[in-house]
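Engineer: Sequence first, then the predicted structure, then my questions.
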Amino acid sequence: MRLLILGGTRFLGRHLAQQALDTGHAVTLLHRGRSNATLFPRAEHRIADRDGDLAALQGGTWDVAIDTSGYFPRQLRAMAAALAGRVGRYHFVSSISAYAGFAGPGTEEQAPLAQLADPTVEDITGDTYGGLKALCEAAAMQGFADRCLVSRPGLIVGPHDPTGRFSWWVQRFQRAAPGDEVLVPGPADGPVQFIDARDLAAWHLRQAETGGTGVFNLTGPAIALTLNGLIDTLRTVLSPRSRPVWVDEAFLLAQGVAPWSDLPVWLPREQAALHQVSIARALAAGLSIRPLAQTIADTAAWLQGAPLLAGDGVKRPAVGLSPEREAALLAARPR
C-alpha cells in the first residue's frame, strides 16, 4: 500500500511512519524538515510547509493519506485541492475537543460539535482549538466525501510525547524514593482516559488496509480506568515503596492548582465526562489497546534516554507542579 503521511516525524506521525515501514508499506512523508529530518531513510521525504507552497506534492499517487498536522480548515481545503484525483482515501486526526461539550458519560460520535463565533480565527487557544478542529473535519469531509475517515483521539500518550502531560506523572514516580510522599488529586474514583500513540497509529493503519471510513472516538482503555488505577500502576511499575497521598479536589482548587496543567490528566469531578467518551465504535472496528503498565514502562525507558529537547526539536512545555509547590501543598493539606 502507498501511504502519504502529513507530519510524519513527530510523535503520532513518527509512530505511524515506523509501523507502516515495518509492515512493508511504501511511505511518503510530507514535513517541513525541521524535526527529526533524518529519520526513516527508507521513506520518501517531501519537504514543504503546508501553510505555504505545496509544490512538493506534485506528482505521485497514494492509496491513503493520513493527516496528523491539520489545525486550520484552509489547510484541509488546500490539501484536498492539491491531492485531487491522486489519493484514494483521506484520514484526518482530529480531537475529542471538537465536541461542543460533555454533558455526561458516554459521548458518541454524533454528539454536537463546537462552533466558533468567528470561523476565520487562527489563534489556537483553549477556547478556539476544538472549534477549529470541528471546522477542519468539515473541510476534510467536504473535500473527500465518503472517502474520508475522521478520528477523534483523547489525550495521546507514550514514547516521544512532546506535551509532557502523561510523561510528567511517569517522571514524578521515577524520582520517588522509598517512603516519599507523592501528591495525587482526588477523587480517587475519578475516570481517566488516554491512548498510547502506538495503538492509535496501529488502528489508523488497520483502517487504511481495510478501507475504513467515517468518524470514530479514539481513546482508552477498553475497560474503565480510574485515577486510582492509574496511580497504582505508576507506583507498581516505577516506585513500589513510594506513598501516594490523596488530596481533596476542593482544597487543590482553592489553592489555585490548575487541572490538566499543574496536575496533568486530572480533571475535577464536574468535568469528568471528558474522560468518559464512548469508544465502542472504534473497538468494534478493531481498536486494540496495550496494557497500561507497558505504556508506563516504555515511556519511562524513553525518558531515561531523552535529551532536553525530547527528541523532536521541541522544548518540553512546563507542566506539572514543581517539587517545592507540591511539598507546600502536602504540608498545608487538611488532615
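Structural biologist: Okay, I see it. Residues are numbered from 1 along each chain as shown.

Engineer: what are the bridge partners for the closest residue in space to Glu44 that isn't next to it in sequence, then?
Structural biologist: Spatial nearest neighbour of Glu44, chain neighbours left out: Thr28 (4.4 Å); criterion: C-beta to C-beta, 6 or more residues apart in numbering. Heads up, the C-betas are built off the backbone N, CA and C, glycines and all. Judged by DSSP bridges, the bridge partners of Thr28 are Leu4, Glu44.

Engineer: who touches His257 in this structure?
Structural biologist: For residue 257 the amino acid is Val, not His. 185, 263, 321, 329 (C-beta atoms under 8 Å, 6 or more residues apart in numbering).

Engineer: how about the residue nearest to Glu44, what does it touch?
Structural biologist: 2-5, 43-46, 60, 62.

Engineer: Read off the pLDDT value for Ala56.
Structural biologist: According to the prediction, Ala56 has pLDDT 94.

Engineer: Was I right to think it contacts Glu44?
Structural biologist: No - applying C-beta atoms under 8 Å, one finds Ala56 not in contact with Glu44, separated by 10.6 Å.

Engineer: more crowded one of the two?
Structural biologist: Between Ala56 and Glu44, counting by other C-beta atoms under 10 Å, Ala56 is the more crowded of the two (16 against 13).

Engineer: where are the low-confidence patches of the protein?
Structural biologist: 307-317 (pLDDT under 70).

Engineer: what about the strands in it?
Structural biologist: 2-6, 26-31, 44-47, 62-67, 87-93, 148-153, 156-157, 181-185, 191-192, 195-196, 214-218, 225-226, 243-247 (DSSP state E).

Engineer: Return the set of buried residues in the third one.
Structural biologist: In this case it means strand 44-47. 45-46 (16 or more other C-beta atoms under 10 Å).

Engineer: what's that strand packed up against?
Structural biologist: In this structure, strand 44-47 packs against strand 26-31, with contacts taken as 3 or more C-beta pairs under 8 Å, 6 or more residues apart in numbering; DSSP states H and E.

Engineer: Can you check what angle separates the strand it packs on from strand 62-67?
Structural biologist: Strand 26-31 and strand 62-67 meet at an angle of 30 degrees, taking axes from the mean of the first three to the mean of the last three C-alpha atoms, to 10 degrees as the criterion.

Engineer: CA atoms only: put strand 26-31 into PDB for me.
Structural biologist: Output in PDB follows, covering the C-alpha atoms of strand 26-31 (Å, rounded to 0.1, in the frame of the first residue of the first chain):
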ATOM      1  CA  ALA A  26       5.600   2.400   0.700                       C
ATOM      2  CA  VAL A  27       5.700   5.600   2.700                       C
ATOM      3  CA  THR A  28       5.900   9.200   1.700                       C
ATOM      4  CA  LEU A  29       6.400  11.800   4.400                       C
ATOM      5  CA  LEU A  30       5.400  15.500   3.900                       C
ATOM      6  CA  HIS A  31       7.100  17.600   6.600                       C
END
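
Engineer: To what extent is Pro41 buried, counted in neighbours?
Structural biologist: Residues near Pro41, counting by other C-beta under 10 Å: 7.

Engineer: Use 13 as the first number from now on
Structural biologist: Happy to do that; since the first residue is 13 now, the last one works out to Pro53.

Engineer: From Phe52, how far out is the residue nearest to Glu56?
Structural biologist: Going from Thr40 to Phe52 by C-beta to C-beta, to the nearest Å gives 10 Å.

Engineer: Likewise for Ala305?
Structural biologist: 29 Å.

Engineer: Counting neighbours, go ahead and name the busier of the two.
Structural biologist: Between Ala305 and Phe52, counted using other C-beta under 10 Å, the more crowded position is Phe52 (19 against 13).

Engineer: shouldn't that one be in contact with Leu33?
Structural biologist: Yes - with contact defined as C-beta under 8 Å, Phe52 reaches Leu33; the gap is 6.3 Å.

Engineer: between those two, what contacts are shared?
Structural biologist: Joint contacts of Phe52 and Leu33 (C-beta under 8 Å, 6+ apart) are Val39.

Engineer: who are the neighbours in contact with Gln127?
Structural biologist: Contacts of Gln127 by C-beta under 8 Å, 6+ apart are 112, 143, 146.

Engineer: Which single one of those residues is nearest to Gly202?
Structural biologist: Ala112 (22.3 Å; C-beta to C-beta).

Engineer: count of neighbours near the residue nearest to the closest one when sequence neighbours are not counted?
Structural biologist: Nearest in space to Ala112, with sequence neighbours left out and distances taken as C-beta to C-beta, 6+ apart, is Pro124 at 4.3 Å. For Pro124, the count of nearby residues is 11 (other C-beta under 10 Å).
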